[in-house]
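> Everything below, folded, please.
(chains A and B)
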Amino acid sequence: DQQVKQNSPSLSVQEGRISILNCDYTNSMFDYFLWYKKYPAEGPTFLISISSIKDKNEDGRFTVFLNKSAKHLSLHIVPSQPGDSAVYFCAASEQTGANNLFFGTGTRLTVIP
Amino acid sequence: ETGVTQTPRHLVMGMTNKKSLKCEQHLGHNAMYWYKQSAKKPLELMFVYSLEERVENNSVPSRFSPECPNSSHLFLHLHTLQPEDSALYLCASSRTYGAGGHTDTQYFGPGTRLTVL
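Numbering: from 1, shown residues only, chains lettered A, B, ... in the order given. Below is the predicted model:
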C-alpha cells in the first residue's frame, strides 16, 4: 500500500498565479518531507524540504506547508512561471535511521503563459 | 561531467539477453541507490549501497544484480528479464546513508529507459 499519495495527477495554472500541489501520507513515523521536480528526460532534482518540527519552510517562490495532524503537506509556488512546468514528486522518510525515501506518484504541473 | 550520470539512456532487450546499466557520481558521495519507476507508480527503492556495501535489498528478484566496485560507480546487471520489468531505472547518490538525525539529499541521474520485449 502506498505510504505517500499525490491524488492529483495533473494541475494547470495561469502564469503569475499560485500553484498548490498536495501530498498525503499514512505513516506517522515519517518526520522529514521533500519535494522533487522532474523535467522530461532528466532525473528528479531536489526542490525543498521540511522537518516535522516545523510547519512551514520557504525558499524564494516555493513554500512547503506541513500539517502533521492531517498527515498532509503542500507545495505553494508563487508566482508560477512557465519554467515551473514539470512533474513534482513528494517524498517522505524517517530521519532517525535509514535514508529510505518513499515517493508519491507525482503531479504534472503546467503553467500557461 | 558533474552530478550523476547514467548509461545507456535507452535500452531495448529481449528476455534472454544479459545487459548492464551503469551509474557514475561525481559528487564525492558515499551512498548510491537504484530506483525503479514503472508507469503510473511511485519510485520504488531497489538497492542501496553505503561505502560500497549493500545495505538494502527491497525484495528485488534475483534477475536484477547490483554491483558497486567503488563509491563512484554502481551497476545493475540484468538477465532473463520479463516484459513487466520495462520501466525507468534511476540511480541516485547521497553524502551518507543512515546517518541518523538527518536525511541527506539524494541526487538523481537522468535514468535509463528500459524496454523488455
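> Count the residues that sit near A:Asp59.
10 (other C-beta atoms under 10 Å in any protein chain shown). Just so you know, the C-beta spots here come from the backbone N, C-alpha and C atoms, and that holds for glycine as well.
> no, scratch that, I was asking about A:Pro44
If we define neighbours as other C-beta under 10 Å, then A:Pro44 has 29 of them.
> cool, and the one 5 residues further on?
Neighbour count of A:Ser49, defined by other C-beta under 10 Å: 18.
> Can you give the contact residues for the lowest-mean-pLDDT helix or strand in chain B?
Ranking every helix and strand in chain B by mean pLDDT, DSSP states H and E puts strand B:53-57 at the bottom, with a mean of 84. Residues outside strand B:53-57 that contact it (C-beta atoms under 8 Å, 6 or more residues apart in numbering or on different chains) are A:Ala98, A:Asn100, B:Leu45, B:Met46, B:Phe47, B:Val48, B:Tyr49, B:Pro66, B:Cys68, B:Tyr97, B:Gly98.
> wait, doesn't the last one sit right on A:Asn99?
Yep, that's B:Gly98 we're talking about. Yes: contact criterion C-beta atoms under 8 Å: B:Gly98 and A:Asn99 qualify, at 5.9 Å.
> From the neighbour counts alone, determine which of these two ranks first.
Applying other C-beta under 10 Å to B:Gly98 and A:Asn99 shows that A:Asn99 carries more neighbours, namely 28 against 16.
> Please name the nearest non-neighbouring residue to the more buried one.
Leaving aside its chain neighbours, A:Asn99 sits nearest to B:Tyr97 (4.9 Å; criterion: C-beta to C-beta, 6 or more residues apart in numbering or on different chains).
> Wait, B:Ser86 touches B:Leu114, no?
Yes: counting by C-beta under 8 Å, B:Leu114 is a contact partner of B:Ser86 at 5.9 Å.
> Looking at the two, which one has more neighbours?
More neighbours surround B:Leu114 than the other of B:Ser86 and B:Leu114, with 21 against 17 (other C-beta under 10 Å).
> Just the pLDDT at that one, thanks.
Per-residue confidence (pLDDT) for B:Leu114: 96.
> is it true that it lies in a helix?
No: judged by DSSP: H, G, I helix; E, B strand; the rest coil, B:Leu114 forms no part of a helix; its state is strand.
> and the gap between the spatially closest residue to it that is not a sequence neighbour and B:Gly111?
Of all residues not flanking B:Leu114 in the chain, B:Leu11 sits nearest, at 5.1 Å (C-beta to C-beta, 6+ apart). According to C-beta to C-beta, to the nearest Å, B:Leu11 and B:Gly111 sit 11 Å apart.
> Settle it for me: which of these two has more neighbours?
Legend: neighbour count by other C-beta under 10 Å for B:Leu11 and B:Gly111, higher for B:Gly111 (23 against 18).
> show me the contacts for that one.
A:Gly43, B:Gln6, B:Arg9, B:Gln37, B:Leu88, B:Tyr89, B:Leu90, B:Cys91.
> Can you select the buried ones from those in PyMOL?
This is the PyMOL syntax for the buried subset of the contacts of B:Gly111, where burial follows 16 or more other C-beta atoms under 10 Å in any protein chain shown:
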select buried, (chain A and resi 43) or (chain B and resi 6+37+88+89+90+91)
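> Farthest-apart pair in the contacts of B:Gly111, please.
Largest separation among these by C-beta to C-beta: B:Arg9 and B:Gln37, giving 14.4 Å.
> Alright, I will stop here.
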